[in-house]
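**Student:** dropping the sequence and predicted coords here.
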Amino acid sequence: MAETVKVDIPHKLTRETARARITEGFGRIRSEATGGMLKFEDQWTGDHLDFKARMMGQSIVGRLDILDDHVHVELDLPGFLASIANKLTGKIRKEGQVLLENKTTVA
């Protein structure tokens, strides 16, 4: 049975900086997908991103919204991947926090 995963990732960045970091992160996903096995499509509309990833006949459709203090992510997992929803939620949260952490250092 299909399942929707929802994750909120807090941040202290401007929306523009958060979007740049997310765009960079999705770029890494594309470059790390070897042999063309992963097909990835994305479309930004303002601070909203619609994306789709396909691999081995399975598709994950997702949405992402950048808000002032957090990023909201939703993924629609097909039945085959629904069993890993909890693991995937944790990974998205962890990777998202690393991606969106404030990298400014205080001297």
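**Tutor:** Everything's here; your move.
**Student:** ranges for the strands of this structure?
**Tutor:** 3-10, 39-45, 48-55, 58-66, 70-77 (DSSP state E).
**Student:** hey, which of the ones you listed is tucked in deepest?
**Tutor:** strand 70-77 (a mean of 19; mean count of other CB atoms under 10 Å). Backbone N, C-alpha and C define where each C-beta goes, glycine included.
**Student:** sheet partners, orientation included, of that one?
**Tutor:** strand 3-10 (antiparallel), strand 58-66 (antiparallel) (DSSP bridges).
**Student:** C-alpha coordinates for the last one, PDB please?
**Tutor:** Listed in PDB are the C-alpha atoms of strand 58-66, where the atom choice follows Å, rounded to 0.1, in the frame of the first residue of the first chain:
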ATOM      1  CA  GLN A  58       9.400   2.500  -9.200                       C
ATOM      2  CA  SER A  59       8.500   6.200  -8.900                       C
ATOM      3  CA  ILE A  60       8.700   8.600  -6.000                       C
ATOM      4  CA  VAL A  61       6.800  11.800  -6.400                       C
ATOM      5  CA  GLY A  62       7.500  14.600  -4.000                       C
ATOM      6  CA  ARG A  63       6.800  18.200  -3.000                       C
ATOM      7  CA  LEU A  64       9.000  20.600  -1.100                       C
ATOM      8  CA  ASP A  65       8.100  24.000   0.300                       C
ATOM      9  CA  ILE A  66      10.600  26.500   1.700                       C
END
